[in-house]
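Engineer: next input, structure requested:
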Amino acid sequence: MAEENEFEPRLGRMRSGGGKRARKYLGRVLAAANLAGGGALGFGSRKSGFTGSRIGRGAGVGRVLAARGSRSAYSARRVVVKASLVRLAGKGASGAVAHLRYLQRDGATREGAPGALYGAETDVADGKAFHVRCADDRHQFRFIVSAEDGAEYDDLKPLTRRLMTRVEEDLGTKLDWVAVDHFNTGHPHTHIVVRGKDHLGADLIIARDYLTTGMRERASELVELDLGPRTTHDIEAGLRTEVEQERLTSLDRAMLREAGEDRIVTAAGGDAFAQALRAGRLAKLRQLGLAEPVGGARWQLGEGMEDTLRGLGERGDIIRTMQREIGRAGLSRAPADQAIYRPAAANAAPLLGQIVARGLADEHADRHYLLVDATDGRTHYVVIGKGAELEAVPQGAIVHITPVRAEIREVDRTIVAVAAANGGRYDVEAHLKVDPGATEAFAGTHVRRLEAIRRLTGGAARDAAGLWTIGEDHLDRVAAYEARLAQDRPVAVEILSTRPLAALVEADAATWLDRGLVADWPETARDAGFGSALRDAQERRRQWLIAQDLAEVDEGVTRYRAGLLATLQRRELLRVAGALADETGLTFTEAMPGSRIEGALRRRVDLVSGRFALVEQSRDFTLVPWRPVLERQIGKPVSGILRGDGVNWTLGRTRGGPVIE
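Structural biologist: Presented below is the predicted three-dimensional model:
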């Protein structure tokens, strides 16, 4: 008997690969695929657009779970699951590290301790090891799982592990994940970060239905198994608590769905309990100025009621966050001295102060906040936008914060004017014709502006020759671009000192305090909070400078030695350079104004006097003022000329010659 692996091929006649037979076979394949895909290829009688809902793991399970409409919305245990997919390219990788760090810091336990990472099999997971495993991942998934009855659990870890086991079964793959439990809000919840790889090392793609509905249903099932269905008493108790809450509730949503264009609802209808709930809620809304009776049992809901209630809910969360962080920092602030910074307000003024804390304002969108103890004696909650927009700064750092205005700039109006004079087209050549006094470099800034707007909003189109088509709605697109930027980065944060105020008083270096004393800043600090601390630090710094023979008092006026800042900066520079020389075995060469700087850029050196770049040659090195543009040049050869307080760097070449920064 022949082996099972043996076979004898029987060749038929040679046939052409094309022609009618091939077309017939292709048609059969397409018809079969169309039948299997339910018309997804566009053939057949059913018409449906491509939605992508069937792509990814868990598509079938997700559709089944999403179709569950029979379970009562009141009796089921409610669980909120927020899911997001985060790409790790560019700043995403560093942002992922910062995100996990802030999750651990903000994840306070019931005892007030910072949260701890855990995984499927360990109560203490290694965050650094997790990031190493994520190094080559294209993306990662982030989930926030919040059970309405989460407070019933003494420990959320078992629930999270059972949920992730169920998710693995649904997706048909093992998952690499870490989690942090948060007990610092009214509803305990869990943050779960999942690698974007399956058990085979391929990119993990999860079906949309499973992300939006399936995971929530699985979590709800588990909570219901643990705690049982909600009883009538539980449901009624939950609805009663909503009556007096200053946030958007299920009672409000029901009334908004019922209201017509005139926004009229009735307090009557339903059983006595439902009527009592609605009457009580409408009375509360009237206190908030969000509803008014219009006769009988009819009420009119206020315009913008939904947004106002959401804002009130957010304000309550912010106040609780501020109180927690102020207490953690050991400060004491009256409620009147706790403020929420509104950069979009017309009267928003800049803030000068010291960072008390940094955390997540919106954990799902990765929006961060700073808590700033300012010179006005108040502690301000400042939303700074995307976490990757601001480098890591230590607690106690001194910052200057200004609101970012979403405004159309003069450069945008210039582009429109040049295009209007050139048939709706813009390029550098057209710009120079309209404005002969402009330089090519100046016109180039307009091109970079167009590139930035196009990348974010799909604005002006550019052809292969570099000619831009400027539409009549260009300024509207610019306004949308600026609004988008302001949302991601509502404030500009300037780091004045990475050292806290107390460390500057006797620092043998050019400090931020010295710059203020020499410039004779006006005394605008209030004698409370950071304002009081700043006044005290300024006075102690004056006394230190006098003791160092760097200042003197003449007829009650403090006079500072000429070149005070340069003297203090050189002292620190030489001291640090000596330590670096011992570390590297190279000789330090002090750079003089006008000298040429050449060598390999090794790293940034942070001093009290400022940031410096370490440029190394074969046998020696020098320290020169740092600029942010150098971040991309570390490890590369650089050259430039030291002029005043900076270096004119030659960092690369373009078709037109070297790029000077």
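Engineer: tell me the contacts of Thr457?
Structural biologist: Residues in contact with Thr457 (C-beta atoms under 8 Å, 6 or more residues apart in numbering) are 477, 480-481, 484. In this view, the C-beta of every residue, glycine as well, is placed from N, C-alpha and C.
Engineer: what about 7 Å?
Structural biologist: 477, 480-481 (C-beta atoms under 7 Å, 6 or more residues apart in numbering).
Engineer: show the backbone phi and psi for the residue lying closest to Ala528 once chain neighbours are set aside.
Structural biologist: Among residues not flanking Ala528 along the chain, Gly377 sits closest, at 3.2 Å (C-beta to C-beta, 6 or more residues apart in numbering). Per-residue torsions, Gly377: phi 80, psi 0 (degrees, to the nearest 10).
Engineer: give me the neighbour count for Gly377.
Structural biologist: 18 (other C-beta atoms under 10 Å).
Engineer: let's number from 6 now, not from 1
Structural biologist: Let's use 6 as the start, then, which means that last one is Gly382.
Engineer: rewinding a little: out of the contacts of Thr462, which sit inside strands?
Structural biologist: Judged by DSSP state E, strands contain none of the contacts of Thr462.
Engineer: now the residues you listed in TSV, with distance to His144?
Structural biologist: Listed next are those as TSV, based on distance: C-beta to C-beta, whole Å:
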residue	distance to His144
Arg482	29
Ala485	27
Tyr486	25
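Engineer: buried subset of those?
Structural biologist: Among the contacts of Thr462, the ones that count as buried by 16 or more other C-beta atoms under 10 Å are 482, 485-486.
Engineer: of those, which belong to helices?
Structural biologist: Using DSSP state H, 482, 485-486 are the members of those that sit in helices.
Engineer: tell me the bridge partners for Thr627.
Structural biologist: Val620 (DSSP bridges).
Engineer: follow-up on the earlier one: for the contacts of Thr462, which one is nearest Asp131?
Structural biologist: Proximity of the contacts of Thr462 to Asp131 (C-beta to C-beta) peaks at Tyr486, which lies at 41.1 Å.
Engineer: the closest one touches Arg459, doesn't it?
Structural biologist: No: using C-beta atoms under 7 Å, Tyr486 is not in contact with Arg459; the gap is 9.3 Å.
Engineer: what about Lys87, distance to Val150?
Structural biologist: Lys87 sits 8 Å away from Val150, going by C-beta to C-beta, to the nearest Å.
Engineer: just Ala284 next, same as before
Structural biologist: Shown here: Ala284 relative to Val150, a distance of 35 Å by C-beta to C-beta.
Engineer: neighbour count winner among the two?
Structural biologist: More neighbours surround Val150 than the other of Ala284 and Val150, with 25 against 15 (other C-beta under 10 Å).
Engineer: pLDDT and distance to His192 added to the ones in helices among the buried ones among the contacts of Thr462, as TSV?
Structural biologist: Shown next, in TSV, are these (pLDDT from 0 to 100; distance: C-beta to C-beta, whole Å):
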residue	pLDDT	distance to His192
Arg482	83	40
Ala485	82	35
Tyr486	82	36
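Engineer: between those, which is nearest Glu251?
Structural biologist: Ala485 (32.7 Å).
Engineer: OK, contacts around the closest one?
Structural biologist: Thr462.
Engineer: distance check, the closest residue to Val85 other than its chain neighbours against Arg372.
Structural biologist: Nearest non-adjacent residue to Val85, counting by C-beta to C-beta, 6+ apart: Ser151, 4.6 Å away. Computed as C-beta to C-beta, the Ser151 to Arg372 distance reads 18 Å.
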